[in-house]
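Chemist: Build me a model from this:
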Amino acid sequence: MKTALAHLALLQKNSLASTLEREIEGMILRGALPVDARINELQLAETFGVSRSPVRDALRALEAAGLVEAVPNRGLFLRRVDLARAVEVYGVRAALFGYAGQLVAELASEQDIASLRLLHAEMEEAAVAHRFEAYFPLNFAFHDAIVAASGNSVLASQYRALVKQLRLLRGRNLMSGDTLAVSHREHQRIIDAFDARDPQEAYSACFDHVERGRLRLLAREESRGSAECESANEDREAKVA
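Modeler: Model (predicted):
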């Protein structure tokens, strides 16, 4: 009897920790936790009305997922994703997304592909109207639906973990100017490959889409660096004048 009760208590603890992991992850991805502030276990426990133990377990899981990191002698903080790390993540993500596309073209049901077409049509409306706030969630849903339709659970879990890390790259919104329309055209190429049931083209279309996202990130950072350098030069010139 004691053994059964202990097992039940362990299951309840693990279930609570998993629930808290999802909740805290949501807070991180929504930007509800400050980037530069230490993650406060006690505060989170009070927020959710639980003890610190399941919060600690949830944070350990998020650390393993790469969303938080332990800083020696300081505590836990949100993970900072710098440009070098983002470029590496993009490279692995491109390979995984390409393979997902290949599997969809080979194995996905007609219903799966029809659902992807529907998402693509919704994105087209948002792209034409330049409604960024509507396009973003549909974009995430479209990519995730492709990964889900691949039928490979290992691929899906690895891909989603990488996407979560990239979402920590705050303030680096790549969807500006005409890039929304460009992204939509790249999605159309993916849909066309699925409709044609062409695995090789589907791989290339999906791989290239993520790779171009990496190139857009690099171009954006180079442009930002040039603008900051120009601004600093102007400030120095103003002081001299």
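Chemist: got a list of what residue 98 touches?
Modeler: The contact partners of residue 98, taken as C-beta atoms under 8 Å, 6 or more residues apart in numbering, are 203-204, 206-207, 210. Every residue, glycine included, has its C-beta placed from N, CA and C.
Chemist: Pass me the low-pLDDT residue ranges in the protein, would you?
Modeler: 1-14, 170-177, 224-241 (pLDDT under 70).
Chemist: what about the helices in it?
Modeler: Along the chain, the stretches classed as helices by DSSP state H are 2-30, 41-48, 52-64, 83-107, 110-128, 132-149, 153-166, 179-195, 199-240.
Chemist: can you give me the angle the shortest one makes with helix 52-64?
Modeler: Pointing back at helix 41-48 there. Counting by axes from the mean of the first three to the mean of the last three C-alpha atoms, to 10 degrees, helix 41-48 lies at 110 degrees to helix 52-64.
Chemist: how about helix 41-48: buried residues?
Modeler: For helix 41-48, the neighbour count (16 or more other C-beta atoms under 10 Å) marks 41, 44-45, 48 as buried.
Chemist: which residue sits closest to residue 76 in space, ignoring its chain neighbours?
Modeler: With sequence-adjacent residues excluded and distances taken as C-beta to C-beta, 6 or more residues apart in numbering, residue 76 is closest to residue 39, at 4.4 Å.
Chemist: One more: residue 195?
Modeler: Distance criterion C-beta to C-beta, 6+ apart; nearest residue to residue 195, sequence neighbours excluded, is residue 113 at 7.0 Å.
Chemist: how far away is that neighbour from residue 152?
Modeler: 17 Å (C-beta to C-beta, to the nearest Å).
Chemist: and the residue nearest to residue 195, how many residues sit next to it?
Modeler: 18 (other C-beta atoms under 10 Å).
Chemist: ok, it - contacts?
Modeler: Neighbours of residue 113 in contact, by C-beta under 8 Å, 6+ apart: 104, 149, 194-195.
Chemist: How about residue 160?
Modeler: Counting by C-beta under 8 Å, 6+ apart, residue 160 touches 144, 147.
Chemist: which residues does the residue positioned nearest the centre of the chain contact?
Modeler: Centre of the chain computed as the mean C-alpha position; nearest residue by C-alpha atoms, centre = their mean is residue 163, 2.7 Å away. The neighbours of residue 163, taking C-beta under 8 Å, 6+ apart as the test, are 93, 140, 143-144.
Chemist: Name the nearest of the contacts of residue 98 relative to residue 81.
Modeler: Nearest to residue 81 out of the contacts of residue 98 is residue 210 (C-beta to C-beta; 15.9 Å).
Chemist: Around the closest one, count how many other residues there are.
Modeler: 21.
Chemist: sorry, back to before: same list (the helices of the chain) but as JSON lines, adding distance to residue 70.
Modeler: Converted to JSON lines, the helices of the chain look like this (distance: least, C-beta to C-beta, whole Å):
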{"stretch": "helix 2-30", "distance to residue 70": "15"}
{"stretch": "helix 41-48", "distance to residue 70": "12"}
{"stretch": "helix 52-64", "distance to residue 70": "6"}
{"stretch": "helix 83-107", "distance to residue 70": "17"}
{"stretch": "helix 110-128", "distance to residue 70": "38"}
{"stretch": "helix 132-149", "distance to residue 70": "28"}
{"stretch": "helix 153-166", "distance to residue 70": "16"}
{"stretch": "helix 179-195", "distance to residue 70": "36"}
{"stretch": "helix 199-240", "distance to residue 70": "27"}
